[in-house]
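[1] Dropping a prediction and its sequence here:
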Amino acid sequence: MADRIQKVLAQTGMGSRREIEGWIKEGRVRVNSRTAKLGDSITSDDKVTVDSRLIRFKRNGPDAPRVLLYNKPEGRICSRKDPEGRPSVYEAMPKVVGSRWVAVGRLDLNSSGLMLFTTDGALANRLMHPSTEVHRVYSVRVLGDVTDEDIAQLKEGVELDDGPAYFDHITDGGGEGANHWYNVTLREGRQREVRRLWEHLGFRVSRLIRIQYGRAILPRDLRANKTRELAPNEVKKLYSSIKLDLPEHSVGGQKRGGRAPAKKSRSRSNPVKQSAKHIDTVELNPKKTKNSVYKGKSKPTVAGRGRR
């Protein structure tokens, strides 16, 4: 069955669909000895090369998509290679045969916390695409005297160099003295957006830890630079949460996957605003530890006003 070339290549785990579309525009992808174009459809019988490297498709269908939770430490870059020789997050990834890990979003060198990695480029693309508005939650230590007026302005929005930005939610995370912790939520992935929002009002972020990305949250017992793989039922819930069909794959001679199940309606009234959406999370065996990155009391997280 023929399908769009960028979709097929993304499903092999070569990269996100957006990355592959860029390769096609640059002329790096060829199909049957001709340069591929966006919108071309291919089958497993076509000869496809990327940068002259032949791509081999599995005749019995792709393997089940895999998703990893990774606790990124500070000091690691999110690129596969670095001219300066700095350590990469990919060095901590387990080996995968016939595919490769695709990062879902990035964290800068001085930030830490949750990153997702998957072998399904289509999943990575959907989780990162602005139209999906997947929320991100960060625990931020801020240097300075933050007033109620500052909090209100950050929630209302400020004008950055690349357009307006705001936090959907800000909750107090505790702390003493000049440094204070806040948990902030937004639904974009612009470069250094959390830091730039605080810096716009004259504050300095001394620590930034991502603790949640969509359904997935950082397990309290997952040590720095370690990974944990989501179980098949958790992967299924992740696909369902962003309304993406789970790819069909072969297991014991039978095909598994297909359309994500529709969510059941709840008759119980919502204690928050009816226009808001509850944020579902997946947490794997959470344990309280002395060095927990979670600050303050646990509160239900609610997605924001939907202005984007």
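    Okay, I see it.

[2] for stretch 72-80, which positions count as buried?
    72-73, 76-78 (16 or more other C-beta atoms under 10 Å). C-beta: built from backbone N, CA, C; applies to glycine.

[3] Now do it: everything it contacts.
    86-90, 92, 103, 106-107, 109-115, 224-225 (C-beta atoms under 8 Å, 6 or more residues apart in numbering).

[4] now it: mean pLDDT?
    Averaged over stretch 72-80, pLDDT sits at 94.

[5] Just the CA atoms of that stretch, as CSV, please.
    Extracted in CSV, the C-alpha atoms of stretch 72-80 (Å, rounded to 0.1, in the frame of the first residue of the first chain):
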residue,chain,number,x,y,z
LYS,A,72,18.4,14.6,31.2
PRO,A,73,21.1,16.1,33.5
GLU,A,74,22.6,19.5,33.0
GLY,A,75,25.7,19.6,30.7
ARG,A,76,24.4,17.3,28.0
ILE,A,77,23.5,18.5,24.5
CYS,A,78,20.5,17.3,22.5
SER,A,79,22.4,16.9,19.2
ARG,A,80,23.8,13.6,18.1
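
[6] still on that earlier bit, mind giving me the ChimeraX command for buried ones among the contacts of stretch 72-80?
    One line in ChimeraX is enough to select the buried ones among these; burial here means 16+ other C-beta under 10 Å:
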select :89,90,92,103,107,111,112,113,114,115,225
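
[7] re earlier: for the buried residues of stretch 72-80, which one is nearest Leu143?
    Pro73 (21.2 Å; C-beta to C-beta).

[8] next one: phi and psi at that closest one?
    For Pro73, the backbone dihedrals (degrees, to the nearest 10) come out as phi -90, psi 160.

[9] Quick check: it vs Ser112, distance?
    5 Å (C-beta to C-beta, to the nearest Å).

[10] Kindly report the same for Gly163.
    Separation of Gly163 from Ser112 (C-beta to C-beta) stands at 27 Å.

[11] Closest one to Leu218 out of the buried residues of stretch 72-80, please.
    Nearest to Leu218, judged by C-beta to C-beta, of the buried residues of stretch 72-80 is Lys72 at 9.7 Å.

[12] what is that closest one paired to in the beta sheet?
    Gly113 (DSSP bridges).

[13] Distance of it relative to Leu54?
    On the measure of C-beta to C-beta, Lys72 and Leu54 end up 33 Å apart.

[14] Whichever strand or helix holds Leu68: how far from the chain's middle?
    For Leu68, the host element (DSSP states H and E) is strand 67-72. In terms of C-alpha atoms, centre = their mean, to the nearest Å, the centre of strand 67-72 is set 10 Å apart from its chain centre.

[15] Quick one: list the elements packing against the helix or strand following that strand.
    Once the chain leaves strand 67-72, the next helix or strand it forms, by DSSP H and E, is strand 102-104. Judged by 3 or more C-beta pairs under 8 Å, 6 or more residues apart in numbering; DSSP states H and E, strand 102-104 is in contact with strand 112-118, helix 121-128.

[16] And the shortest one, what does it pack against?
    It refers to strand 112-118. Strand 112-118 makes packing contacts with strand 67-72, strand 102-104, helix 121-128, strand 204-213, strand 216-217 when contacts are defined by 3+ C-beta pairs under 8 Å, 6+ apart.

[17] ok, back up a step: hey, what's in contact with both of Pro73 and Ser112?
    With C-beta under 8 Å, 6+ apart as the test, Pro73 and Ser112 both reach Ala224.

[18] Identify, from the buried residues of stretch 72-80, the entry nearest to Gln6.
    Of all the buried residues of stretch 72-80, Gln6 sits closest to Cys78, with 22.0 Å by C-beta to C-beta.

[19] Return the residues in contact with the nearest residue to that closest one once chain neighbours are set aside.
    Excluding its sequence neighbours, the residue lying closest to Cys78 (C-beta to C-beta, 6 or more residues apart in numbering) is Arg106, at 4.1 Å. If you count contacts by C-beta under 8 Å, 6+ apart, Arg106 has them with 78, 115, 189.

[20] Lovely, talk soon.
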